[in-house]
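Trainee: sequence and predicted structure below; questions after.
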Amino acid sequence: MEIKNFILGEFKESYSGEKGIVKDIDGQETTISFPQSEEGDLADAFMAAKMVQSKIADMSLTEIVAKLKAVSKRYLQDEETIKLIAKTTGSPISYIKAMRDQVTAWMGAADVYLVSLFGSLEQAESGIPILENGKTVGKKLFRPRGITSVILAGDEAGLASFVMVQTVLSRNPIVLKPSTLELVSAYELVKEFAKEGLGDFVQMVAWNASANPELVTHLIKNCEQIVLFGSDATVDTLIYERDEDGKIIQDYSKSINVIAHTTGRSASIILKDADIPLAVDAVLNGATCSRGNECVHTKKVFVESPVYENFKKTLLEKVPSLNVGDPLDAQTSIGIVGKKSVHAIKMLASEETGVLYSSFKENTMAPLVIEPAQFDSRFIHEEIPGPSIALIKVENEQEAVKQANKALSGSYSTYATATSVFGKDTKALDHIFKHLRAHKILLNKSSTSMNFNLPHHGHNLVLELMEKKTIDL
């Protein structure tokens, strides 16, 4: 498959003519090629975004919603394209389809989503009334900030659409730089937008970020705001420009609106009254669906001591039954993790004395289950690039919260993306809800359970991407 840049509303070759080649996640087979964007392409993309800025700002939300509903019926319906994404990313085809279904259902109900935020589409456009003693005394208005640069870190089918849909709903033009893992899914969504007359509003550019870091700087400097997904280190590198001594000489968050999504240190907490079979299934899903290396994946599990042994026993009985291997097999639970990631995790595991289960192959692995001997274990504090579960015994919910919060030290946001809690005791749950540092807490559900109507990483993008003004009437 060949991908062309989407610039000035049409697909065209890069000026340089140089091709970027993407192989599958294990480096075995060439799957897609794309023209690598250069500075001239990026300048064109921003010029095009500037040209359509007022056009999209004036488009009615009713019209935009209708176009998104039409897109939702076509996005990623082609079986060969889905297979290509599975081969490129290594994620099971079942996961790609499940994520596609969640995204398209949410996209198809864009009007319901906006109503949940603004009360009605009319209020989203004309303003939310401010009432005083039953009388309207003012309005809260929401207006697009302007050109939005979007830099994405690897996902398969959900991340690009999640960001692009909300950016379009906020009526901001986009200059999109997807990761190589998202080239196909992002490209397919941009094509569908173009069919509905939204093509000019999303300018897609692509290059090897490590080989062309100066282009990323241009992408940041030329926008009004940026949506950035990545690890803590990636966010730090892109938001701050440093001198040779590491001193910050430029903080881009001072001049543009930066919406950073980071910290893939999600967890689960198992209370003593938890439904253990349910919790085990959810934890395994949270640790393994796709390849176990996204921000919502469970990496550590804090288990209250009365049920610790039962939980561990049940988990270890289930792990060997997971299907590992071919991402194109509908029965696969864990696809291709990749040689580098498997090797890195295997080396980390060799430093641990409490390995309970491991099964490593060259480019795949079953979930690694460990009992870290020390709390400073890297399996507790770092973002592990694959399916791993660190079991930590705690005495009560207070200790679970304390340890989970402590494990976040050193992260960019000091908040976990998602934490699953299993149990029913209202007092214990109330303590967790009040004190746990997590953007999203899921009760008796997997950390990978997605509800696109809820804030992600503490952000509701439609609102965050717009200026808020109060009008005193």
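Mentor: Structure received. Numbers count the residues shown, from 1 in each chain.

Trainee: which strands or helices does the strand ranked longest in the chain pack on?
Mentor: In the chain, taking DSSP state E as the definition, the longest strand is strand 135-144. Based on contacts counted as 3 or more CB pairs under 8 Å, 6 or more residues apart in numbering; DSSP states H and E, the elements that strand 135-144 packs against are helix 53-58, strand 128-132, strand 466-472. In this view, the C-beta of every residue, glycine as well, is placed from N, C-alpha and C.

Trainee: next, the buried residues of that strand.
Mentor: Buried residues in strand 135-144, counted by 16 or more other CB atoms under 10 Å: 139, 142, 144.

Trainee: for the second one, give the beta-bridge partners.
Mentor: Counting by DSSP bridges, residue 142 forms beta bridges with residue 468.

Trainee: residues near the nearest residue to residue 121 once chain neighbours are set aside, how many?
Mentor: Among residues not flanking residue 121 along the chain, residue 61 sits closest, at 4.9 Å (CB to CB, 6 or more residues apart in numbering). When neighbours are defined as other CB atoms under 10 Å, residue 61 has 18 of them.

Trainee: residue 61 and residue 69, how far apart?
Mentor: 12 Å (CB to CB, to the nearest Å).

Trainee: show the pLDDT at residue 457.
Mentor: pLDDT, residue 457: 80.

Trainee: what's near enough to touch the closest residue to it other than its chain neighbours?
Mentor: Once flanking residues are discounted, residue 457 sits nearest to residue 261: 4.4 Å by CB to CB, 6+ apart. Going by CB atoms under 8 Å, 6 or more residues apart in numbering, residue 261 touches 227, 228, 229, 230, 295, 417, 456, 457, 459.

Trainee: what segments of the stretch 351-473 of the chain are strands?
Mentor: Remark: strands assigned in the stretch 351-473 of the chain by DSSP state E, counting those that start in this stretch are 355-357, 368-370, 388-394, 416-422, 438-443, 466-472.

Trainee: tell me which of those strands sits most buried.
Mentor: Mean neighbour count (mean count of other CB atoms under 10 Å) peaks for strand 416-422 among the strands of the stretch 351-473 of the chain, with a mean of 26.

Trainee: now do it: which elements does it pack against?
Mentor: Using 3+ CB pairs under 8 Å, 6+ apart, strand 416-422 sits against strand 266-270, helix 276-288, strand 438-443.

Trainee: put together a markdown table for those, with distance to residue 169 and mean pLDDT on each row.
Mentor: Output for these, formatted as a markdown table (distance: least, CB to CB, whole Å; pLDDT from 0 to 100):
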| stretch | distance to residue 169 | mean pLDDT |
| --- | --- | --- |
| strand 266-270 | 26 | 93 |
| helix 276-288 | 28 | 95 |
| strand 438-443 | 20 | 92 |
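
Trainee: pick out the residue closest to the middle of the chain.
Mentor: residue 159 (5.0 Å; CA atoms, centre = their mean).

Trainee: returning to what we had before: any idea what the residue nearest to residue 457 is bridged to?
Mentor: With DSSP bridges as the rule, residue 261 is bridged to residue 229.

Trainee: next structured bit after the helix or strand bottoming out on mean pLDDT in the chain?
Mentor: Of all helical and strand segments in the chain, the minimum by mean pLDDT, DSSP states H and E falls on strand 10-12, at a mean of 63. Once the chain leaves strand 10-12, the next helix or strand it forms, by DSSP states H and E, is strand 19-23.

Trainee: now the helix or strand that that next one is followed by: buried residues?
Mentor: Following strand 19-23 in sequence order, the next helix or strand is strand 30-35 (DSSP H and E). If you call a residue buried by 16+ other CB under 10 Å, then strand 30-35 has these buried ones: 31, 32, 34, 35.

Trainee: nearest residue to the third one other than its sequence neighbours?
Mentor: I take that to be residue 34. residue 3 (4.0 Å).

Trainee: spit out the contact partners of the one you found.
Mentor: 32, 33, 34, 35, 183, 184, 187, 206.

Trainee: which residue ranges make up the domains of this structure?
Mentor: If you go by automatic domain parsing, the domain ranges for the chain are 5-262+457-472, 266-443.

Trainee: ends of the shortest one, what's the gap?
Mentor: Between the start and the finish of domain 266-443 there is a gap of 14 Å, counting by CA to CA, to the nearest Å.

Trainee: swap in stretch 125-135?
Mentor: 20 Å.

Trainee: which residues sit against it?
Mentor: Counting by CB under 8 Å, 6+ apart, 60-61, 118-119, 123, 136-142, 470-471 sit against stretch 125-135.

Trainee: run the last query once more with 6 Å
Mentor: 61, 136, 137, 138, 139, 140, 141 (CB atoms under 6 Å, 6 or more residues apart in numbering).

Trainee: next one: stretch 346-354
Mentor: Under the contact criterion CB under 6 Å, 6+ apart, stretch 346-354 has outside partners 355, 358, 360, 368, 370, 371, 373, 378.

Trainee: okay, now the sheet partners of the helix or strand following the longest strand of the chain, with direction.
Mentor: Sequence order places strand 148-151 as the next helix or strand after strand 135-144, per DSSP H and E. Partners of strand 148-151 in the sheet, by DSSP bridges, are strand 174-177 (parallel), strand 225-229 (parallel).

Trainee: now residue 203, what's its secondary structure?
Mentor: strand (DSSP: H, G, I helix; E, B strand; the rest coil).

Trainee: the longest helix seen in the chain to helix 276-288, inter-axis angle?
Mentor: Longest helix in the chain, counting residues (DSSP state H): helix 93-108. Between helix 93-108 and helix 276-288, the angle comes out at 90 degrees (axes from the mean of the first three to the mean of the last three CA atoms, to 10 degrees).

Trainee: pLDDT of helix 93-108, averaged?
Mentor: 93.

Trainee: buried stuff in the helix or strand that it is followed by?
Mentor: Helices and strands here follow DSSP H and E; after helix 93-108, the next one along the chain is helix 110-118. Buried residues in helix 110-118, counted by 16+ other CB under 10 Å: 110, 111, 113, 114, 118.

Trainee: returning to what we had before: the residue nearest to the centre of the chain: what's it in contact with?
Mentor: Residue 159 touches residue 152, counting by CB under 6 Å, 6+ apart.

Trainee: quick one: end-to-end distance for stretch 442-453.
Mentor: 14 Å.

Trainee: what helix or strand is residue 215 located in?
Mentor: helix 213-221.

Trainee: return the set of buried residues in that helix.
Mentor: Applying 16+ other CB under 10 Å to helix 213-221 flags 215, 216, 218, 219, 220 as buried.

Trainee: how about the closest residue to the third one other than its chain neighbours, secondary structure?
Mentor: For residue 218, the nearest residue in space outside its immediate sequence neighbours is residue 42; the separation is 5.5 Å by CB to CB, 6+ apart. The three-state assignment at residue 42 reads helix, by three-state DSSP.

Trainee: can you check the pLDDT for residue 42?
Mentor: Note on residue 42: pLDDT of 89.

Trainee: where does pLDDT dip in the stretch 101-250 of the chain?
Mentor: Scanning the stretch 101-250 of the chain for pLDDT under 70 picks out 154-157.

Trainee: switch the cut-off to 90
Mentor: Counting by pLDDT under 90, the ranges of the stretch 101-250 of the chain that qualify are 151-162, 179-183, 199-200, 205-214, 216-217, 228-244, 246.
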